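J.: Okay, predicted coordinates and the sequence, questions at the end:
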Amino acid sequence: MNKLVKAAKRGPGDSLKLEGSRLRQDPRFAQLIDLVRAHCPRFDARGGATVLHSLGVLHADLGAAAVDEKLAAQLGEVVEREACNMNPQAVANSLNALCKLEAVTAAVSPVGWKRLAEAVEKTASETKPQEIANPFNALSMLEAATAAVPTSGWAGQAKAAERTARHMNEQDVANTLNAQSKLEAAAAAVSPSGWAGLAEAAERTAREMKPQGVANSLNAFCKLEAAAAAVSPAGWAGLAEAAERTAREMKPQEVANSLNALCKLEAAAAAVSTTGWAGMAEAVEMTAANMKPQEIANTLNALSKLEAAAVSPTGWAGLAEAVERTAGEMNEQDVSNSLDALGVLPAAVAQLSPSALKHLEAAAEREAPNMTLGGTQNDTAGVREA
């Protein structure tokens with residue numbers, strides 16, 4: 001299994017890279033899965049975690065859906081039986097795999113989740129940076145596991161994050177912050193010195209962050225007031241430079257999240273250079289066609305508050321087309337945010353076609369019963385005036 005994972009992770013163009021279509025059609029892969037089934041009752045903690053991790057990677061990266069309901073039940077039993085014997089790496093690998101293998105996640109019993117949560121708490125003091133970041137990230141996506149973690153477990157994770165922050169790489173920092181922004185109990189357990197350590201880690205690693213890491217870090221800081229308060233001017237400058245460096249490589253969600261965060265983080269926005277704003281505006285133009293409803297609404301909302309982000313007519317045209325494309329799928333919050341933003345963005349409104357206005361009107365009418373009165377136009381009157 002490990003060899004398959006290594007082959008799957010080889011770079012594009014590598015003659016030894018494993019392709020999903022080849023794997024799914026290879027009869028030896030089916031035989032390997034049969035061996036996994038046969039050995040499940042005998043897997044120890046390390047073996048079970050390794051198999052889970054491998055299956056998760058093959059499923060997520062190659063689409064090799066090899067886990068049926070029967071195998072999922074067997075793997076769920078392995079988790080329940082061996083969780084108490086797992087070391088930090090096995091815990092991290094298991095939780096990370098469960099995020100990717102829905103069938104196994106559904107098969108883990110309440111007892112299994114409880115034992116995994118106990119393993120998280122028990123191993124926290126021994127964890128390395130990646131081993132704390134990955135479980136945090138996984139727990140933020142696994143409700144059943146999160147519910148099983150006691151207050152003492154979150155305290156242990158918080159202490160481990162503080163202890164390892166100075167050794168975290170850029171991905172560890174971004175994953176840890178992102179997870180804490182979604183896990184209220186985890187964030188509540190972090191001490192002021194813990195936030196200071198993570199803020200310093202973000203400053204230290206910002207120049208190496210990839211687009212997703214930049215977006216996740218900014219997004220997390222805008223939700224974690226105590227963490228944002230610990231970021232120094234140099235830290236904001238580093239994150240602003242990272243946003244400028246990676247803007248043109250960002251995916252639609254990353255662009256929307258970054259802008260949404262910058263409109264709420266004054267210190268971060270103030271650190272963005274003119275060139276940085278130009279890059280973010282260009283990123284909007286490049287990604288608007290693929291944005292989802294919430295991403296469109298959040299982007300418009302952010303741009304209505306960020307005067308420095310000078311979007312070109314082509315960019316506004318792309319956003320206008322995206323509004324028309326997604327209006328039928330917007331929920332009440334998306335509609336409200338879009339209408340409020342467009343009411344103060346005449347350059348965007350100028351690009352709205354009559355068809356786009358009709359789609360917006362229909363969305364506003366559809367969602368009107370769910371929309372909060374006061375603070376929003378709740379109709380397209382403001383947009384037409386703009």
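T.: All right, it came through fine. Residues are numbered from 1 along each chain as shown.
J.: Which helix in the chain has the most residues?
T.: The helix that spans the most residues within the chain, counting by DSSP state H, is helix 45-62.
J.: Packing partners of that one?
T.: helix 2-8, helix 20-25, helix 27-39, helix 69-82, helix 88-100 (3 or more C-beta pairs under 8 Å, 6 or more residues apart in numbering; DSSP states H and E). Every C-beta, even on glycine, is put in place using the N, C-alpha and C of the backbone.
J.: Would you mark the buried spots in that helix?
T.: Buried residues in helix 45-62, counted by 16 or more other C-beta atoms under 10 Å: 45, 47-59, 62.
J.: Out of these, which one has the weakest pLDDT?
T.: Across the buried residues of helix 45-62, the bottom pLDDT score, 80, is held by Leu62.
J.: returning to that earlier point: include mean pLDDT and mean neighbour count when you put the helices and strands packed on helix 45-62 into TSV, please.
T.: Formatted as TSV, the helices and strands packed on helix 45-62 follow (pLDDT from 0 to 100; neighbours: other C-beta atoms under 10 Å):
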stretch	mean pLDDT	mean neighbour count
helix 2-8	70	15
helix 20-25	76	14
helix 27-39	91	12
helix 69-82	97	20
helix 88-100	95	24
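J.: want to throw these into TSV with distance to Thr326?
T.: Below are the helices and strands packed on helix 45-62 laid out as TSV (distance: least, C-beta to C-beta, whole Å):
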stretch	distance to Thr326
helix 2-8	34
helix 20-25	30
helix 27-39	39
helix 69-82	35
helix 88-100	27
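J.: Select, out of these, the one closest to Ala347.
T.: Proximity to Ala347 (C-beta to C-beta) singles out helix 88-100 among the helices and strands packed on helix 45-62, at 40.9 Å.
J.: What is whichever helix or strand comes after the closest one packed up against?
T.: Where DSSP states H and E defines the elements, the next helix or strand beyond helix 88-100 is helix 102-107. On a contact count with 3+ C-beta pairs under 8 Å, 6+ apart, helix 102-107 meets helix 69-82, helix 88-100.
J.: between the last one and helix 45-62, how big is the angle?
T.: What that stands for is helix 88-100. Angle, helix 88-100 to helix 45-62, by axes from the mean of the first three to the mean of the last three C-alpha atoms, to 10 degrees: 40 degrees.
J.: domain assignment for the protein?
T.: 1-123, 214-386 (automatic domain parsing).
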